[in-house]
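J.: here is my input, please return the structure:
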Amino acid sequence: MALVKKGFNNRGAGRVPLYRALSKLGKASREEAKALILEGKVKVHGKLETDPHKMINPDRAHIEIEGAKVIKESTRLVMFHKPAGYLTTKRDPEGRPIIYDLLPEELQTFHAVGRLDQHTSGLLLLTNSSKVSHYLTNPENKIPRTYIAQVRGEVTEDEMNQMRKGIVDADETLCFHEVRLLKSSQKESKLEVILIEGKYREIRRMFEAFHHEVFKLKRISYGNFMLGDLKSGAILDVEVSGVEQLL
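T.: Have a look, this model is predicted:
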């Protein structure tokens, strides 16, 4: 699954707080990293470091955790078929189901590329590389995300034209890059929606503005990555050559 490179500029990771560096290196979540540092289990250039906010360059610093040298993991990008009903977060104060409940141990430190809301299913990308994540979510790269939406009521051509032009909701402009009617009746409509820059609950908010409740929403592609027949809850590694084109 090759990716199209669009002027991505690799300037190096730069200096970041130590706890974030450990997270970037895939060794712990940010909170876990803070705890390790405060407990005196982390050394930088051979010296004990107890300040989680110590600024370092993760590409250059020599880091040890409990005497073991931290080696930067190779870049990985994983496709995950997120089921509906799970939050795209690493923890939830209310104890609701999260995607990490479904993911294997090796992916617990990976972060999601963008988000899908709790009730949306479909393709979610996960990576251990902040550079890859930044590239895929940067609006300047105009990477399309395609969804299938099922809504209440009959969506008209005039409404779809307005969705393409954009509307203002809660002082924020919402706009579909493209919307196409797949199936329609007086009771419900099925549509394909393409976004370039996804805003919070953008598809649901857009249809709600036209009095159409979204009762099912699924992302089927993100850029060149296609959900295809990947089963719900399943994961699939992207070819390394495809990821390296981003770096």
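J.: where along this protein do the helices fall?
T.: Taking DSSP state H as the criterion, the chain carries its helices at 18-24, 30-38, 130-137, 157-165, 202-209, 240-244.
J.: ranking the ones you listed by burial, who's on top?
T.: helix 18-24 (a mean of 23; mean count of other Cβ atoms under 10 Å). From N, CA and C alone the C-beta is placed, and that goes for glycine too.
J.: I'd like to know which elements that helix is packed against.
T.: Helices and strands touching helix 18-24, by 3 or more Cβ pairs under 8 Å, 6 or more residues apart in numbering; DSSP states H and E, are helix 30-38, strand 42-44, strand 55-56, strand 63-65.
J.: and stretch 173-182, end to end?
T.: 25 Å (Cα to Cα, to the nearest Å).
J.: could I get the helices and strands packed on helix 18-24 in TSV, plus columns for distance to residue 123 and mean pLDDT?
T.: As requested, these are arranged in TSV below (distance: least, Cβ to Cβ, whole Å; pLDDT from 0 to 100):
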stretch	distance to residue 123	mean pLDDT
helix 30-38	25	91
strand 42-44	36	93
strand 55-56	34	92
strand 63-65	33	92
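J.: need the ones you listed in CSV with distance to residue 236, can you?
T.: Compiled in CSV, the helices and strands packed on helix 18-24 are given as follows (distance: least, Cβ to Cβ, whole Å):
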stretch, distance to residue 236
helix 30-38, 26
strand 42-44, 34
strand 55-56, 34
strand 63-65, 30
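J.: quick check: chain neighbours aside, which residue is closest to the residue positioned nearest the centre of the chain?
T.: Compute the mean C-alpha point of the chain, and by Cα atoms, centre = their mean the closest residue is residue 113, 1.9 Å away. Distances taken as Cβ to Cβ, 6 or more residues apart in numbering place residue 125 nearest to residue 113, at 3.9 Å, with adjacent residues excluded.
J.: give me the low-pLDDT residue ranges for this structure?
T.: Applying pLDDT under 70 to the chain flags the ranges 1-14, 26, 240-247.
J.: quick one, domains of it?
T.: For the chain, automatic domain parsing gives the domain ranges 16-69, 77-140+225-244, 144-222.
J.: from residue 179, how far out is the residue nearest to residue 113?
T.: Relative to residue 179, residue 125 is positioned 23 Å away (Cβ to Cβ, to the nearest Å).
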